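[1] fold the following, please.
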Amino acid sequence: MTRPPALKRHRTLRWRLVAILAGLLAVTSLVIGIVTVLSLQSYLLGQVDQNLAQASQRAVDAKADLPPHSDQQPGTGSTGTGSTNTNTDADHDGDHPFVGAPGQSANTVVAVLRDGTFIVQGFTDNQGNQHQLSTAVKTQLRAVPRDGEPHTVTLAGLGEYRVESTATDDGTVFITGLPLESMEGTIDQLALVIGIVAIAGLLLAGAAAAVSVRRALRPLQHVAATASAVTELTLDRGEVPETMRVSEKDIEAGSEVGQVGSALNQLLGHVSNALVVREAAETKVRTFVADASHELRTPLATIRAYAELSQRSYDDASPALRRNVDRIESEAVRMTSLVEDLLLLARLDSEPESDMRDVDLSAMVTEAVMDAHHAGPDHVWRMEMSEDPVVLHADGRQLRQVVVNLLANARVHTPPGTTVVTSLRRAGDRVELVVTDDGPGIPADLQPALFERFVRGDVSRSRTAGSTGLGLAIVHAVAEAHGGTVSVESVPGRTAFRVSLPVLPAATND
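    Purely as a prediction, here's the structure:
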């Protein structure tokens, strides 16, 4: 089932609010996570730098444990460009107590340069095994500024280190590096925990926000449902049912939604009152028209009778008197037709029940076309019907009025020589009566109001007789009373009136 547009907009608003709340929470969680990780990283890095400074100072203090300057092997010195025969360094560097001295943590890199030559270099792993540094690492250590400040260096094959290089007065350079692997692992684990907690919190908060927003907007949903239900009512008559109101519990909320609900109830109350007043006024008008039409029938019949009697009684009357009597009779006939039409419309409005019985619509149409042929011999009349008779359970008198009015409309509002085709067929569970003519057509601006009362055709559709403007209104009212529809399609050269009626089941005879 298609949801009303108001409910769709309500759901869109609800999910939009949930998305906004979730987005704000996500941004807040991201900012908190970033600030926490950066703060911890800064703190741990400060601890590493403090440990690095202590380790570097211990290395400088253990200067006496270094080999004497004279122990340096020939050929291991530095060239003027600072390059070193590192293979010779590696051959003479072996394990040394200076590397992995007491107080140094595992994987602490220690190197000592004297006159550009590594006299001590290496690190001790977690198992206490001492390892020498690779050529790439030595090259990286040589490039560390000798300012006694910590620097972050990614040593080849060893990972990220915090390195400090300090030069003594005699030109000896002490290089100490502490690994950042433990700190990075802590930071990564913290970031992972924060991410998991943030996602879990975001999901829980999103679910809680959805429930909260849904509960907060539930009165608005009731208001939207009430408004949508009212839009589906047929408000051409009657009133808005009392059940079509926003409940008191939604109005008593005291919120903006409650105010909207209260305003909607007041609006519906005013609309209902207006509809009741209009219905009462229309009922009075229909009653007046019905009573007036009924009362006018007798004096009109009397006028016609006296007119006919005058024509028979005064054989020696003057031509002027005869013309006056003829005019009185013709106008009385026209007024009688108008009164009969008004009375029929009033009855259709006030008494939709009809004298329903099986009607041979094929025979009825045939008779009506024959009558129209006699009334308008200057038109061409044709019929298109199936061989099987079309029987319809309906009010025969009213249906005959429909056929007669459509044929009279085609005869009166089209010029002589116009071909009028009347077709009758059964299509499934409906019966279609179509009256088509090849006359000048109906103006497009007149077609929407063509079936309203007292609407007459344009003067271009010539009239050879008077028109009350009620014929098509009667067709429309009778079709609606039988649960059917009537429509018109008109262009210059072709006008088609189509009446579609449902095939109702026949009444059960007792």
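
[2] would you mind giving the domain segments of this protein?
    66-181, 256-351, 353-502 (automatic domain parsing).

[3] looking at those, spot the one closest to V213.
    Each of these has some distance to V213 by Cβ to Cβ; the shortest is domain 256-351, at 12.4 Å. Using the backbone N, CA and C atoms, a C-beta is placed for each residue, glycine as well.

[4] quick check: mean pLDDT across that closest one?
    For domain 256-351, mean pLDDT is 75.

[5] with distance to S29 as added columns, please give the domains of the chain in TSV.
    Shown next, in TSV, are these (distance: least, Cβ to Cβ, whole Å):
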stretch	distance to S29
domain 66-181	27
domain 256-351	30
domain 353-502	61
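
[6] ranges for the strands of the stretch 51-200 of the chain?
    109-114, 117-124, 130-131, 150-155, 159-167, 173-179 (DSSP state E, counting those that start in this stretch).

[7] tell me what the third one is packed against?
    What it means is strand 130-131. strand 117-124 (3 or more Cβ pairs under 8 Å, 6 or more residues apart in numbering; DSSP states H and E).

[8] only C-alpha atoms, please: export the strand it packs on in CSV.
    Taking C-alpha atoms only, strand 117-124 is exported to CSV below (Å, rounded to 0.1, in the frame of the first residue of the first chain):
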residue,chain,number,x,y,z
THR,A,117,85.4,6.0,13.0
PHE,A,118,83.0,3.7,14.9
ILE,A,119,85.1,2.3,17.8
VAL,A,120,82.0,0.9,19.5
GLN,A,121,78.6,0.1,17.8
GLY,A,122,75.7,-2.4,18.2
PHE,A,123,72.7,-3.3,20.3
THR,A,124,71.6,-6.1,22.6
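
[9] so what strands line up beside that strand?
    Strand pairing for strand 117-124, using DSSP bridges, gives strand 109-114 (antiparallel), strand 130-131 (antiparallel).

[10] any idea which of the ones you listed is most buried?
    strand 109-114 (a mean of 24; mean count of other Cβ atoms under 10 Å).

[11] sorry, back to before: for A26, find the nearest of the domains of the chain.
    Closest among the domains of the chain, using Cβ to Cβ: domain 256-351, at 27.7 Å.

[12] hmm, back to that, can you list the strands paired with strand 117-124 in TSV and add distance to V431?
    Formatted as TSV, the strands paired with strand 117-124 follow (distance: least, Cβ to Cβ, whole Å):
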stretch	distance to V431
strand 109-114	102
strand 130-131	104
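
[13] can you say which of those is nearest to H413?
    Of all the strands paired with strand 117-124, strand 109-114 comes closest under Cβ to Cβ, at 109.9 Å.

[14] report the angle between that closest one and strand 150-155.
    Note on geometry: by axes from the mean of the first three to the mean of the last three Cα atoms, to 10 degrees, strand 109-114 and strand 150-155 are set 100 degrees apart in direction.

[15] the helices in the protein, which residues?
    Taking DSSP state H as the test, the helices found in the chain are 5-61, 86-93, 135-142, 181-231, 248-251, 256-313, 319-350, 361-375, 396-412, 471-481.

[16] distance to V163 added to the ones you listed, as a markdown table?
    Listed next are those as a markdown table, based on distance: least, Cβ to Cβ, whole Å:
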| stretch | distance to V163 |
| --- | --- |
| helix 5-61 | 8 |
| helix 86-93 | 18 |
| helix 135-142 | 7 |
| helix 181-231 | 14 |
| helix 248-251 | 70 |
| helix 256-313 | 64 |
| helix 319-350 | 102 |
| helix 361-375 | 107 |
| helix 396-412 | 105 |
| helix 471-481 | 96 |
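
[17] closest one to V109 among these?
    Closest to V109 of the helices of the chain, according to Cβ to Cβ: helix 135-142, at 7.6 Å.

[18] between strand 159-167 and that closest one, find me the angle.
    Angle of helix 135-142 versus strand 159-167, following the same axes, to 10 degrees, is 50 degrees.

[19] next one: helix 135-142 to chain centre, how far?
    In terms of Cα atoms, centre = their mean, to the nearest Å, the centre of helix 135-142 is found 66 Å from the chain centre.

[20] ok, stretch 387-395 next?
    The chain centroid and the centroid of stretch 387-395 are separated by 47 Å under Cα atoms, centre = their mean.

[21] would you list the strands of the stretch 51-200 of the chain in CSV and tack on distance to V359?
    Shown next, in CSV, are these (distance: least, Cβ to Cβ, whole Å):
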stretch, distance to V359
strand 109-114, 111
strand 117-124, 112
strand 130-131, 113
strand 150-155, 101
strand 159-167, 100
strand 173-179, 104
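
[22] JSON lines for those strands, including distance to T366 and mean pLDDT?
    Below are the strands of the stretch 51-200 of the chain laid out as JSON lines (distance: least, Cβ to Cβ, whole Å; pLDDT from 0 to 100):
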{"stretch": "strand 109-114", "distance to T366": "116", "mean pLDDT": "88"}
{"stretch": "strand 117-124", "distance to T366": "117", "mean pLDDT": "86"}
{"stretch": "strand 130-131", "distance to T366": "117", "mean pLDDT": "86"}
{"stretch": "strand 150-155", "distance to T366": "105", "mean pLDDT": "90"}
{"stretch": "strand 159-167", "distance to T366": "104", "mean pLDDT": "90"}
{"stretch": "strand 173-179", "distance to T366": "110", "mean pLDDT": "90"}
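
[23] quick one: closest of those strands to R58.
    The nearest among the strands of the stretch 51-200 of the chain, by Cβ to Cβ, is strand 173-179 at 8.5 Å.

[24] if we can go back for a sec, out of the strands of the stretch 51-200 of the chain, nearest to I196?
    strand 159-167 (24.8 Å).

[25] buried set for the closest one?
    Within strand 159-167, the residues scored as buried using 16 or more other Cβ atoms under 10 Å are 161-166.

[26] partner strands of that strand, parallel or antiparallel?
    Here, using DSSP bridges, strand 159-167 pairs with strand 150-155 (antiparallel), strand 173-179 (antiparallel).

[27] report the distance from that strand to the chain centre.
    The chain centre lies 63 Å from the centre of strand 159-167; the measure is Cα atoms, centre = their mean.

[28] pull the CA atoms of that strand into PDB?
    These are the backbone C-alpha positions of strand 159-167, laid out as PDB (Å, rounded to 0.1, in the frame of the first residue of the first chain):
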ATOM      1  CA  GLY A 159      62.300   0.400  12.800                       C
ATOM      2  CA  GLU A 160      61.600   3.800  14.300                       C
ATOM      3  CA  TYR A 161      64.000   5.100  16.900                       C
ATOM      4  CA  ARG A 162      64.500   8.100  19.000                       C
ATOM      5  CA  VAL A 163      68.200   9.000  18.600                       C
ATOM      6  CA  GLU A 164      70.400  11.500  20.400                       C
ATOM      7  CA  SER A 165      74.000  12.400  19.300                       C
ATOM      8  CA  THR A 166      76.300  14.100  21.800                       C
ATOM      9  CA  ALA A 167      79.900  15.200  21.100                       C
END
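
[29] what's the angle from that strand to helix 181-231?
    Using the same axes, to 10 degrees: strand 159-167 against helix 181-231 is 130 degrees.

[30] need the buried residues of strand 159-167 in a markdown table with distance to A106, can you?
    Shown next, in a markdown table, are the buried residues of strand 159-167 (distance: Cβ to Cβ, whole Å):
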| residue | distance to A106 |
| --- | --- |
| Y161 | 13 |
| R162 | 15 |
| V163 | 16 |
| E164 | 18 |
| S165 | 21 |
| T166 | 22 |
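
[31] nothing else from me, thank you.
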